Every structure is written in structure tokens, then in C-alpha cells.
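In: What follows is a protein structure lacking sequence information:
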């Protein structure tokens with residue numbers, strides 16, 4: 001009997017451990033205490049195509065076979081091209097030292113001649129006082145490759161993307177239209193100098209005003225393109241965590257998959273136990289108050305138990321007496337009117 005109990009206890013413990021490890025793995029990413037997902041790195045570089053808004057680089061933390069950064073390769077290719085290309089990056093990273101990462105980001109942007117055009121910092125986990133930050137930075141295009149490379153020193157990069165937006169056709173079209181409008185403007189000015197009729201002057205002034213408006217609008221578009229081409233934009237997302245995401249190679253064999261699964265399950269189980277302990281410690285004041293309240297309630301119930309038992313006995317005795325009196329009255333009534341029992345319709 002004891003062996004069966006021990007076997008049952010052992011199997012139950014294993015099931016609890018397995019359930020805790022598996023369930024912890026499905027927790028939300030916002031739960032900072034269970035951030036234990038794996039980041040898999042690959043040796044081969046992603047292939048790019050020639051689309052206008054093209055994602056040419058993914059997962060910038062990895063190195064190419066030749067040892068050069070894929071980010072640098074994509075950016076240098078854009079710089080060496082004679083086309084008008086806008087570079088945009090999106091980098092997500094984790095850190096255990098939030099303030100140090102923010103300081104490193106600000107210092108890097110300043111050293112590379114860029115500036116921060118937007119920032120948003122907030123607490124996303126009040127229990128552990130964990131922060132998130134979203135930064136929009138502008139970097140000179142000639143220093144953009146260095147910025148992407150140095151971003152790996154700010155934290156644990158979990159995702160990085162770089163896009164190329166080829167605006168050569170749009171830019172050329174704007175310049176062509178501007179040249180045509182400038183010629184039209186000169187002709188209108190020459191005609192105004194020769195015009196003598198007031199109606200002609202008014203019509204020429206209206207055409208000139210419309211032409212100047214179009215020139216200013218197209219010039220603004222060209223300046224906007226020039227700004228985006230000369231200063232690349234990077235969106236930086238920094239998240240403060242208790243545990244950094246593990247960067248591991250993808251499993252190649254069944255043994256590696258089993259080993260990684262066991263490691264993940266054990267880590268999840270440890271985190272589950274830690275969370276349970278922290279929860280119990282945090283709830284200790286409430287548990288103490290609840291225990292005191294329950295103890296007082298039990299003492300009151302224990303002291304009043306005899307009195308309540310006596311009351312129940314009295315009620316039961318009164319009920320028995322009432323029932324006995326009722327039956328006695330019925331028997332007496334039957335003796336006084338024996339015919340009523342044989343003919344009950346007379347009662348009506």
C-alpha cells in the first residue's frame with residue numbers, strides 16, 4: 001500500500017512539473033518573469049529583390065559568410081548606387097540595464113551627427129518596474145551603417161530590418177516638372193512686361209500665381225525627399241527585461257530538440273516556482289489577516305457550538321411535541337365521531 005502511494009505521489013509530481021513547464025512557456029510576452037524564448041540564428045543571408053519598397057535585410061545581428069555585416073552590405077550598396085534611395089531601419093532590442101542602453105543610444109546618435117526626432121518611454125510592468133522605450137532617430141546616410149552596427153552594443157537585438165525605398169523615378173519627375181514650370185514662369189514674366197491691357201495683366205498674374213504655387217509645392221516635395229535621402233530614419237524599440245532571450249542555433253537532430261525542450265521546460269518550471277514564491281510573499285499580509293479572521297471565526301463557532309446545539313435540540317423537541325399533540329387531537333376526534341371516518345364526505 002505504501003509503495004502504491006509513493007508511486008502515485010511521484011507520478012503526480014512529474015505531471016505537475018511538466019504542466020508547469022509547458023504552461024509557463026505560453027505566457028504572454030508582457031510577463032517579464034517568463035521571457036525565455038529562443039532566438040535562432042542562421043548562417044545564410046536572405047536574398048533581396050529589386051522592388052521599390054524592398055526589405056533587403058532581416059535579423060541584422062547575424063554575420064554573412066564573408067564576415068561582413070549584412071546591414072553594412074545593404075547600406076553600402078545603396079550608397080554606391082547613383083539612384084535616389086531612402087533607407088529606413090527598425091530595430092528591436094532587450095536590455096537588463098535600461099538607463100545604460102538609453103544613454104548609449106543617445107551618445108551614439110550624437111557621435112554620428114544625428115538627432116532624435118521622437119521618443120516615448122513608459123513602464124509596462126509595474127511589479128518589477130520594467131520600462132519600454134520607442135525612439136525615432138535620424139542619422140546621416142553615410143553614418144547609417146555604423147549606427148546599425150553599433151546598435152548591437154546597446155542591448156540584445158532580437159529583430160532588425162532595413163528597407164530601401166527607391167524614389168529615383170518620382171524625384172526625376174519632380175525635377176522635370178520644376179524645370180518646365182520655371183520656363184513657364186519666365187515666359188509669363190516676359191509677357192507681363194509687354195502687356196498693356198488690364199485684362200491681359202490680370203490673366204497673366206493669375207497664371208503666374210498658379211505657376212509659383214506649383215513650383216513651391218514641388219520644391220517642398222523635392223526638399224522632403226532630399227532630407228529623407230540624406231538623413232536615414234531608424235525606429236528603435238528598447239524593452240527592459242529580467243532575462244534576455246537566448247540566442248541559440250536551430251536544432252538539427254532529435255537529440256538537440258529534446259535537450260532544448262528539456263532545458264526550456266526546466267527553466268519554465270523554475271520561473272513558475274519563483275513566481276509562486278514571490279506571489280506568496282507578496283500576499284503574506286493578506287493571508288495573515290485572513291488567517292486571523294478565520295481563527296477568530298472558528299473560535300466563536302466553537303464556543304457557541306453547545307448553545308446552538310441546545311437550540312437545535314429545543315426546536316426538535318418542540319416539533320416532536322407539536323406532532324404528538326396533532327396526532328392526539330386526531331385520535332380524540334376519531335373517537336368522538338366514529339362515523340366521520342367511514343363517511344368523510346360529511347365533513348364538507
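Out: Here it is on my side, so go on. Just so it is clear, the structure is predicted and the values come from calculations on it, not from any experiment.
In: Spit out the contact partners of residue 228.
Out: residue 86 (C-beta atoms under 8 Å, 6 or more residues apart in numbering). Heads up, the C-betas are built off the backbone N, CA and C, glycines and all.
In: What strand or helix carries it?
Out: helix 198-230 (DSSP states H and E).
In: Report the rounded mean pLDDT for that helix.
Out: Helix 198-230 carries an average pLDDT of 94.
In: and what of stretch 257-272?
Out: Mean pLDDT, stretch 257-272: 85.
In: got it, and stretch 88-103?
Out: Average pLDDT, stretch 88-103: 93.
In: what do you get for stretch 177-188?
Out: For stretch 177-188, the per-residue pLDDT averages 95.
In: Same question for stretch 300-314.
Out: Across stretch 300-314, the average pLDDT comes to 86.
In: Name the residues of the helix holding residue 228 that come out as buried.
Out: By neighbour count on 16 or more other C-beta atoms under 10 Å, the buried set for helix 198-230 is 204, 207, 208, 211, 214, 215, 218, 221, 222, 225, 228, 229.
In: wait, what's in contact with the first one?
Out: Put plainly, it is residue 204. Listed by C-beta under 8 Å, 6+ apart, the contact partners of residue 204 are 188, 191, 192, 195.
In: List the ones among those residues that fall in helices.
Out: For the contacts of residue 204, the ones inside helices are 188, 191, 192, with DSSP state H as the criterion.
In: Include distance to residue 115 when you put these into TSV, please.
Out: What follows is the ones in helices among the contacts of residue 204, written out as TSV (distance: C-beta to C-beta, whole Å):
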residue	distance to residue 115
188	41
191	46
192	44
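In: ok, and the most crowded of these?
Out: Of all the ones in helices among the contacts of residue 204, the highest neighbour tally under other C-beta atoms under 10 Å goes to residue 188, namely 19 neighbours.
In: was I right about it contacting residue 209?
Out: No. The criterion here is C-beta atoms under 8 Å, and residue 188 misses it with residue 209 at 9.6 Å.
In: Quick check: phi and psi at residue 233.
Out: Note on residue 233: backbone dihedrals following degrees, to the nearest 10 are phi -110, psi 140.
In: what's the nearest residue to it if we skip its chain neighbours?
Out: residue 88 (5.1 Å; C-beta to C-beta, 6 or more residues apart in numbering).
In: so how far is the strand or helix carrying that neighbour off the chain centroid?
Out: Assignment of secondary structure by DSSP H and E places residue 88 within strand 85-95. Averaging C-alpha positions (C-alpha atoms, centre = their mean, to the nearest Å) puts strand 85-95 17 Å from its chain's average.
In: Noted, bye for now.
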